[in-house]
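Enquirer: 3D, please:
(one chain, ligands or ions: 1)
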Amino acid sequence: MAEKPVVAIVGRPNVGKSTLFNRLVGQRRAIVEDIPGTTRDRLYGDVEWAGRAFTVIDTGGLELSPSSDMMTSVANQVGVAVDEADLILFAVDSVDGITAADEEIAQLLRAGNVAGSRARQQKPVIVVAGKADNQERRDAANEFFALGFEDVVPVSAVHGANSGDLLDLVLSKLPEPPLYESEEDDRLKVAIVGRPNVGKSSLLNKLIGQQRVVVSDVPGTTRDAIDTEIEYAGRRFLLVDTAGIRRRGRIEQGIEKYSVLRSERSVSRADVIVLVVDATEMVTAQDLHIAGDVEREGKGIVLVVNKWDLVEKDTHTIQQYLEEIGREFNFMRWVPTVFISALTGQRVQRVLDEAIGVEAERQRRVPTGQLNEVVERAVTAHPPATHKGRQLRVYYATQATVAPPTFIFFVNDPDLVHFAYERFLENTLREAFGFRGTAVRLRFRPRKLVEEPTRGRRS
Ligand code: GDP
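Expert: The predicted structure is shown next:
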């Protein structure tokens, strides 16, 4: 599926960036995942308007080190916006008029559009003048044309005035969605993700160095993301967002959330996610956040413990690491793990072998007969507890889809399915059929027990 274009909101503090974000994203903002140890404020949200969809990033939400001053923060946001977005909404305040900070941002936006590490396309900028609550302020908004951008749209959060116009204008400036979906794509799409400095780009370089590179600059998305196609073990792999893996420094330093954002987007494009951690630091909250995304999105995952050359090893070391990983990834103990050194190249090909294995599990289809045998045996051995005098009954199961394997359980009442019992059923399926490294989904549907045909009726 084609990836959604991205719109980034930038601006100095307190001009109403998050108001604008909320206005555009609307109700969806309420859907915030509650993952322990991660910051909860949303950085991005999806917008649908006139039959098209795009993603909005609120760069104001990017975390910065407490020591950095306002303009450094803003410069970082602008950097992210120019790198990531197809279009930039530059928020200003129609009560304050143009401030010195606004002028600096305008300059950064123009400079960012031409300078930087890579040749960039010019990104369209729309100036959004907030707090335009009355006609006088809407007229005053014309002042902002002096910032040097073609479009100035006054908006009012209070009245909701002009957000439809703004959305129309945004759509008119975004790249057109492709007219056709790309034909059957049998490439295995792999995303290498992880925190800064764990060795993602070293791993990427080793993989590219050792394998045959089929195409090195495959345009990945509507944006300036670049993928690389390689061949290994007779299969084609598309390494997703290889430009993003290599690009570092300027923005990534100090902004953890930036790399989270980037990996969330790579996760949604890939089949199998290679999550890299540093053996000397191991698993962090951010890694668990990424793993949670992988599970929610129904993808496959390979955990790579890199910098294995730095670890002092004895015969128990691997076991100790695996135990720690098991504790950390308690909710997905089925994650295959590879210990590598991207520096020496030790076992890096195993990463691709595991990715192939995981994808095969993601595509696995279980015959209905076998599935029901296993389910029936498990339910008989461990019947669900009764709840308020009622007991869950599992009548029948069937696998609806693959990638991820999705199972429908027909039951007397889906409300009687408790989390623990669902986990039990999932573990039962994993024990019987594998699914190593892939998310699986269980769905429960009500089914009235069909009346048994009366026996002997036709006597
Ligand atoms: P990225 O930010 O995740 O892409 O990380 P890099 O690939 O840029 O690596 C960060 C640093 O770790 C660099 O100095 C690498 O040379 C170093 N590094 C990466 N992989 C290994 C490894 O397997 N062993 C050792 N000792 N250093 C590594």
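Enquirer: Which strand or helix spans the residue of the stretch 351-459 of the chain found nearest the ligand?
Expert: The minimum distance from the stretch 351-459 of the chain to the ligand, using Cβ to the nearest ligand atom, falls at Val351 (12.1 Å). From N, CA and C alone the C-beta is placed, and that goes for glycine too. Here Val351 sits within helix 348-362, counting by DSSP states H and E.
Enquirer: Mind listing what's buried along that helix?
Expert: For helix 348-362, burial by neighbour count (16 or more other Cβ atoms under 10 Å) applies to Val348, Gln349, Val351, Leu352, Glu354, Ala355, Ile356, Gly357, Val358, Glu359, Glu361, Arg362.
Enquirer: Tabulate those in CSV, adding columns for pLDDT and distance to Leu167.
Expert: Shown next, in CSV, are these (pLDDT from 0 to 100; distance: Cβ to Cβ, whole Å):
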residue, pLDDT, distance to Leu167
Val348, 96, 46
Gln349, 95, 48
Val351, 97, 42
Leu352, 97, 43
Glu354, 97, 43
Ala355, 97, 39
Ile356, 96, 43
Gly357, 96, 45
Val358, 97, 40
Glu359, 96, 38
Glu361, 96, 42
Arg362, 96, 37
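Enquirer: from those, which single one is nearest Gly194?
Expert: Val351 (12.4 Å; Cβ to Cβ).
Enquirer: from what I can see that closest one touches Ser341, true?
Expert: No - Val351 lies out of contact with Ser341 (Cβ atoms under 8 Å); the separation is 11.6 Å.
Enquirer: Gly194: what's it in contact with?
Expert: Residues in contact with Gly194, defined by Cβ atoms under 8 Å, 6 or more residues apart in numbering, are Lys200, Ser263, Leu275, Val276, Val277, Asp287, Ile290, Val304.
Enquirer: ok, now with 10 Å
Expert: Applying Cβ atoms under 10 Å, 6 or more residues apart in numbering, we find Gly194 in contact with 200, 203, 245, 259, 263, 273-278, 284, 286-287, 290, 303-304, 306.
Enquirer: Mind checking which of these are in helices?
Expert: Lys200, Leu203, Ile245, Ser259, Ser263, Gln286, Asp287, Ile290 (DSSP state H).
Enquirer: Quick check: of the residues you listed, which lies closest to Leu310?
Expert: Distances from Leu310 to the ones in helices among the contacts of Gly194, taken by Cβ to Cβ, are shortest for Leu203, at 14.8 Å.
Enquirer: so what pLDDT did the closest residue to that closest one other than its chain neighbours get?
Expert: Leaving aside its chain neighbours, Leu203 sits nearest to Ala342 (4.3 Å; criterion: Cβ to Cβ, 6 or more residues apart in numbering). Note on Ala342: pLDDT of 96.
Enquirer: same check, this time on Gly160
Expert: Reported pLDDT for Gly160: 65.
Enquirer: Adjust the sequence numbering to begin at 9 for everything that follows.
Expert: With the count now opening at 9, the last piece we talked about shows up as Gly168.
Enquirer: Distance check, Asn150 against the ligand.
Expert: Asn150 sits 45 Å away from the ligand, going by Cβ to the nearest ligand atom, to the nearest Å.
Enquirer: Am I right that that residue is in a helix?
Expert: Yes - under DSSP: H, G, I helix; E, B strand; the rest coil, Asn150 sits within a helix.
Enquirer: who's in contact with it?
Expert: So Asn150 contacts Ser102, Ala137, Val160, Pro162 (Cβ under 10 Å, 6+ apart).
Enquirer: And the second one, which helix or strand is it part of?
Expert: Using DSSP H and E, the secondary-structure element containing Ala137 is strand 133-138.
Enquirer: Now that strand - C-alpha only, CSV.
Expert: Below are the C-alpha coordinates for strand 133-138, written out as CSV (Å, rounded to 0.1, in the frame of the first residue of the first chain):
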residue,chain,number,x,y,z
VAL,A,133,5.2,25.8,3.3
ILE,A,134,1.8,27.1,4.3
VAL,A,135,1.8,29.9,7.0
VAL,A,136,-1.1,29.3,9.4
ALA,A,137,-2.0,32.4,11.4
GLY,A,138,-3.8,31.2,14.5
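Enquirer: and it, what other elements does it pack with?
Expert: When contacts are defined as 3 or more Cβ pairs under 10 Å, 6 or more residues apart in numbering; DSSP states H and E, strand 133-138 packs onto strand 14-18, helix 25-33, strand 95-101, helix 108-120, helix 143-148, strand 159-162, helix 171-181.
Enquirer: Parallel or antiparallel, list what pairs with that strand.
Expert: Using DSSP bridges, the strands paired with strand 133-138 are strand 95-101 (parallel), strand 159-162 (parallel).
Enquirer: Could you save those strands as TSV and add columns showing mean pLDDT and distance to the ligand?
Expert: Shown next, in TSV, are these (pLDDT from 0 to 100; distance: least, Cβ to the nearest ligand atom, whole Å):
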stretch	mean pLDDT	distance to the ligand
strand 95-101	94	26
strand 159-162	91	37
